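Engineer: no sequence for this one, just the structure:
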């Protein structure tokens, strides 16, 4: 059993009494948005279930709605219709602040705060009243986890390379002990070697913490390296959802074959 | 003590000042001649009109006339603060309106009721110029605070969303931007505290001295004025950033991306 927000399990709503890991489901999710003055659907009737502890790689051409799925999953945006369920509970009924601590998100750009590494890492726990001085060991553990053991936590985050910043951003999210990790193209701003090391890190995190991961990438190679399952969306619609190797061996759809052949932009 | 009354004929000579500014504009091809002419005429018309209005107000000395005047001044201040926003946001009129109203009403009430103890409270001789000065500064502070806050949130959107994603409330997520907006609103009134009396004698003090007040008395008034302005600006801009959170976020702590628009 996990301790969530330092509150005894008993006093938390049922959705928060988490014995194990979290399962996340999209049920007929549609999101429309006004683009250049006209309403267009970014996601169109998307349904997919991500089992506890799996890594779902989400691929598709740019503008397909991949990032929007993640933004809906921790309520940075709300769905126009349909529901997103976390362990069977509609997330629109969960307080967004609590939900977001449980469903962590890593963005394409590290977006660290202009503070020290230590302060970036303790930001989340401090919001829920944890004394930053009690977090030294945890900070150290997280920096080790993201393979930055020699980094001094007192350094300014802005001094780091982009690759290091992305690792710190991942560590910052992990400080909240999330059960679902949403990663929105976390490797696309990085050089190939750094990107690869981040992908290994994602696999490590999953095997160490058993977190459910939704990993958005426009790179097929990256998706294949981390994913257990693969979801292909094109123009906001689910085209294919399958075991990752099965997809790479032979997509079931015409669009899937085109995507694999690099014919979809 | 008596002061020299200015005739319209003598005032006509002062127009030469505008003409000299026009000469500079011509000499360097600044193209400001038209604006100078229009500005001079507008200033004349506006000030003359308000002169007559105030004259009426002073003679009649009815509390409801004074209150109507204050409401008109408040409306003008709010309209001006809204007009100074580089992007239009839904609900911004209410935000700026409530903030300017609360900030200036509180300060004016303290000045009139507690510090000066003006009897009757609506005596236009005190209430109108003091409320005007407070409103003008509240307006500038409110406009600055909101403009700065919006532009900072727009530019630092990734940071704001990162904070939200870590479980920050909307207000927690924009706290660094709130601080910067408050600072930029309050700094002008603080720097005027620093230089007042050294470089220039402020308008109200100059006016009082010319009108025959003892300089030491005029100074006391001016001190009260700069202090009250500092307070009015602080209260107003604090109200702005407090209320503005609702302009940028939904109650569910989601950033209203469409509200920010482009940079």
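Structural biologist: That came through, no problem. Quantities reported herein were computed from a predicted structural model and do not represent experimental measurements. Numbering: from 1, shown residues only, chains lettered A, B, ... in the order given.
Engineer: Mind giving me the packing neighbours of the top helix by length along chain B?
Structural biologist: For chain B, the longest helix by residue count, based on DSSP state H, is helix B:215-248. Applying 3 or more Cβ pairs under 8 Å, 6 or more residues apart in numbering or on different chains; DSSP states H and E, we find helix B:215-248 packed against helix B:92-109, helix B:124-155, helix B:170-173, helix B:175-195, helix B:203-210, helix B:257-260. C-beta here means a position set from N, CA and C on the backbone, and glycine is covered the same way.
Engineer: Can you say which of those helices is nearest to residue A:60?
Structural biologist: Across the helices and strands packed on helix B:215-248, residue A:60 has its closest neighbour in helix B:257-260 (21.3 Å, Cβ to Cβ).
Engineer: Listing request: residues of chain B with sub-threshold pLDDT.
Structural biologist: B:1, B:259, B:261-263 (pLDDT under 70).
Engineer: Would you mind listing what in it touches chain A?
Structural biologist: B:158-159, B:161-169, B:172, B:176, B:252-255, B:258 (Cβ under 8 Å from any Cβ of the partner chain).
Engineer: quick one, longest helix in chain A?
Structural biologist: helix A:192-209.
Engineer: Does anything pack onto it? Which helices or strands?
Structural biologist: Helix A:192-209 packs on strand A:55-59, helix A:136-145, helix A:162-174, strand A:212-216, helix A:220-226, going by 3+ Cβ pairs under 8 Å, 6+ apart.
Engineer: got the angle for that helix vs strand A:212-216?
Structural biologist: On the basis of axes from the mean of the first three to the mean of the last three Cα atoms, to 10 degrees, helix A:192-209 is oriented at 160 degrees to strand A:212-216.
Engineer: what about residue A:62, which SS state?
Structural biologist: coil (DSSP: H, G, I helix; E, B strand; the rest coil).
Engineer: just residue A:113 next, same as before
Structural biologist: Secondary structure state of residue A:113, per three-state DSSP, is coil.
Engineer: What is the burial count for the nearest residue to it once chain neighbours are set aside?
Structural biologist: Among residues not flanking residue A:113 along the chain, residue A:120 sits closest, at 5.5 Å (Cβ to Cβ, 6 or more residues apart in numbering or on different chains). Using other Cβ atoms under 10 Å in any protein chain shown, the number of residues around residue A:120 comes to 26.
Engineer: list the contacts for residue A:120?
Structural biologist: A:112, A:113, A:157, A:168, A:169, A:172 (Cβ atoms under 8 Å, 6 or more residues apart in numbering or on different chains).
Engineer: Could you do residue B:205 as well?
Structural biologist: Residue B:205 neighbours (Cβ under 8 Å, 6+ apart): B:218, B:219, B:221, B:222.
Engineer: Surely the last one and residue B:200 touch.
Structural biologist: No: if you go by Cβ atoms under 8 Å, residue B:222 and residue B:200 don't touch, sitting 11.3 Å apart.
Engineer: What is the neighbour count of residue B:84?
Structural biologist: By other Cβ under 10 Å, neighbour count at residue B:84 equals 15.
Engineer: count of neighbours near the closest residue in space to it that isn't next to it in sequence?
Structural biologist: Take residue B:84 and drop its neighbours on the chain: the residue closest to it by Cβ to Cβ, 6+ apart is residue B:143, 4.1 Å away. Summarising burial for residue B:143: neighbours were counted as other Cβ under 10 Å, giving 24.
Engineer: Would you mind confirming that residue B:143 makes contact with residue B:85?
Structural biologist: Yes: the criterion here is Cβ under 8 Å, and residue B:143 meets it with residue B:85 at 6.9 Å.
Engineer: before we move on, back to that, residue B:222 and residue B:200: who's more crowded?
Structural biologist: Neighbours were counted for residue B:222 and for residue B:200 using other Cβ under 10 Å; residue B:222 has more, 21 against 11.
Engineer: In stretch B:223-242, which residues are buried?
Structural biologist: Going by neighbour count (16 or more other Cβ atoms under 10 Å in any protein chain shown), the buried part of stretch B:223-242 is B:225-226, B:228-241.
Engineer: Next one: residue B:54 relative to residue B:128, how far apart?
Structural biologist: Plainly put, residue B:54 is 7 Å away from residue B:128 if you go by Cβ to Cβ, to the nearest Å.
Engineer: Please name the residues that touch the spatially closest residue to residue B:238 that is not a sequence neighbour.
Structural biologist: Nearest residue to residue B:238 in three dimensions, chain neighbours excluded: residue B:182, at 6.6 Å (Cβ to Cβ, 6+ apart). For residue B:182, the contacting residues are B:145, B:237, B:238, B:241, by Cβ under 8 Å, 6+ apart.
Engineer: got it, and residue B:6?
Structural biologist: Contacts of residue B:6 (Cβ under 8 Å, 6+ apart): none.
Engineer: a helix runs through it, doesn't it?
Structural biologist: No: looking at residue B:6 with three-state DSSP, it is coil, so not inside a helix.
Engineer: Dihedrals phi and psi, it?
Structural biologist: phi -100, psi 130 (degrees, to the nearest 10).
Engineer: can you tell me how far it sits from chain A?
Structural biologist: Distance of residue B:6 to chain A, given as Cβ to the nearest Cβ, to the nearest Å: 56 Å.
Engineer: All the strands of chain A, residue numbers only.
Structural biologist: A:24-35, A:38-50, A:55-59, A:81-86, A:89-90, A:103-106, A:180-184, A:212-216, A:229-234, A:237-243 (DSSP state E).
Engineer: number of nearby residues for residue A:157?
Structural biologist: Neighbour tally, residue A:157, other Cβ under 10 Å: 21.
Engineer: what's the closest residue to it other than its chain neighbours sitting at in phi/psi?
Structural biologist: Leaving aside its chain neighbours, residue A:157 sits nearest to residue A:112 (4.0 Å; criterion: Cβ to Cβ, 6+ apart). Phi and psi for residue A:112, reported as degrees, to the nearest 10, are phi -70, psi 160.
Engineer: Run through the residues that contact residue A:112.
Structural biologist: A:120, A:157, A:158, A:165, A:168, A:169, A:172, B:162 are the contacts of residue A:112 under Cβ under 8 Å, 6+ apart.
Engineer: Tell me, how many residues neighbour the spatially closest residue to the last one that is not a sequence neighbour?
Structural biologist: Spelled out, that is residue B:162. Leaving aside its sequence neighbours, residue B:162 sits nearest to residue A:111 (Cβ to Cβ, 6+ apart; 4.1 Å). Neighbours of residue A:111 under the rule other Cβ under 10 Å: 21.
Engineer: if I look at the nearest residue to residue A:81 once chain neighbours are set aside, how far off is chain B?
Structural biologist: Nearest residue to residue A:81 in three dimensions, chain neighbours excluded: residue A:30, at 4.7 Å (Cβ to Cβ, 6+ apart). Note on residue A:30: its distance to chain B, by Cβ to the nearest Cβ, is 17 Å.
Engineer: Can you give me the pLDDT of residue A:30?
Structural biologist: Looking at residue A:30, its pLDDT is 96.
Engineer: Give me the distance between it and residue B:69.
Structural biologist: 55 Å.
Engineer: So between these two, which is more surrounded?
Structural biologist: For residue A:30 versus residue B:69, the count of surrounding residues by other Cβ under 10 Å is larger for residue B:69: 21 against 15.
Engineer: just to confirm, which helix or strand has that one in it?
Structural biologist: helix B:63-83 (DSSP states H and E).
Engineer: Give me the buried stretch members for that helix, please.
Structural biologist: B:65, B:66, B:69, B:70, B:73, B:74, B:77, B:78, B:80, B:81, B:82.
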